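K.L.:
sequence and predicted model, in that order:
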Amino acid sequence: MRKLVFTSHSSEDFRQARRWYEEQREGLGPKFMDAANATLMHIQRAPLSFQEVLAPFRRAVIRRFPYELFYTFDDHRVLVVMLFHTARDPAVALARLRNH
């Protein structure tokens, strides 16, 4: 299985989202991370099953939470470059991908 690698930005995105959910309701932060981890495992097993949005980056939606994961991959690893809230302007995500 491909190794998961996170950029510093994507790691911070995850920390902030988990913290925010936990502040909203105790126990919701871990539920968010469980949903995110399920999506990450799916990406590891079948990275081509998600839509390419800006070559070589693909997007996977996290179930039950309004977030998308943006990643790229090769034969050995999946590089997670961004966790993005779906209520934000998609142009921000595209600009961040272009600058990666």
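P.N.:
Perfect, thanks for sending it. Numbering: from 1, shown residues only.

K.L.:
and the next element down the chain from the top strand by length along the chain?
P.N.:
In the chain, taking DSSP state E as the definition, the longest strand is strand 77-85. The C-terminal neighbour of strand 77-85 among helices and strands, as given by DSSP states H and E, is helix 90-98.

K.L.:
taking strand 77-85 as reference, get the angle to that following helix.
P.N.:
Comparing the axes of helix 90-98 and strand 77-85 via axes from the mean of the first three to the mean of the last three C-alpha atoms, to 10 degrees yields an angle of 160 degrees.

K.L.:
and the residue positioned nearest the centre of the chain, what is it in contact with?
P.N.:
By C-alpha atoms, centre = their mean, the mean C-alpha position of the chain lies nearest to Leu69, the distance being 2.3 Å. Contact partners of Leu69, counting by C-beta atoms under 8 Å, 6 or more residues apart in numbering, are 36, 39-40, 43, 59-62, 80, 82-84. Glycine gets a C-beta too; all of them are placed from N, C-alpha and C.

K.L.:
try it again with 10 Å
P.N.:
If a contact means C-beta atoms under 10 Å, 6 or more residues apart in numbering, then Leu69 has 10, 13-14, 36, 39-40, 42-43, 50, 58-62, 78, 80-84 as its contacts.

K.L.:
once you drop chain neighbours, what's closest to it?
P.N.:
Ala60 (4.7 Å; C-beta to C-beta, 6 or more residues apart in numbering).

K.L.:
next secondary structure after the helix or strand where that neighbour lies?
P.N.:
When elements are assigned from DSSP H and E, Ala60 belongs to strand 57-61. The first helix or strand that comes after strand 57-61 along the chain, using DSSP H and E, is strand 67-73.
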